[in-house]
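Asker: I'll drop the sequence and a predicted model, then ask my questions.
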Amino acid sequence: MVDYGITRKLELSYEDAVEKITAALKEEGFGILTEIDVKAVLKKKIDVDFRKYVILGACNPTYSNKALNAEIMIGLLLPCNVIVFENDGGGSTVSVMDPGIMTKLIDNPELGEVAKEVREKLERALNSI
């Protein structure tokens, strides 16, 4: 699919997928700072019907602090975005931004270590649902 995300297609309803990834992220120390209901926004703003789709802004304060201390401008790439959407024909897809992308944009070894650890946590969360 995409090389800037870590993606899983699931045989879960959209609602179950949102619930399960939120709980799995919590187990890994992430909270949800923002939740954007893309379907509702597109309907309200431009009267377009779209599939069920949410963007979750996930944050692990410990790792956010480490990343910001390593690279103050990294806030432009925070929080970690997680998307959940309803698949055509049933089921859902959950995808998280690969924190390793940051290391392709910013040459900072300290940030690279943070990105590696966050990626491991995000992958564990995805794999647990």
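Answerer: That came through, no problem. Numbers count the residues shown, from 1 in each chain.

Asker: specify the beta-bridge partners of the residue positioned nearest the centre of the chain.
Answerer: Closest to where the C-alpha atoms of the chain average out (C-alpha atoms, centre = their mean) is residue 82, at 2.0 Å. Bridge pairing for residue 82 (DSSP bridges) gives the partners residue 56, residue 96.

Asker: tell me which helix or strand of the chain sits lowest on mean pLDDT?
Answerer: When the helices and strands of the chain are compared on mean pLDDT, DSSP states H and E, helix 101-105 comes out lowest with a mean of 84.

Asker: how far out from the middle of the chain is that one?
Answerer: 16 Å (C-alpha atoms, centre = their mean, to the nearest Å).

Asker: how many neighbours does residue 113 have?
Answerer: If you count neighbours by other C-beta atoms under 10 Å, residue 113 ends up with 13. Every residue, glycine included, has its C-beta placed from N, CA and C.

Asker: distance of it from residue 102?
Answerer: Applying C-beta to C-beta, to the nearest Å, the value for residue 113 to residue 102 is 11 Å.

Asker: again with residue 70
Answerer: Distance from residue 70 to residue 102, by C-beta to C-beta: 10 Å.
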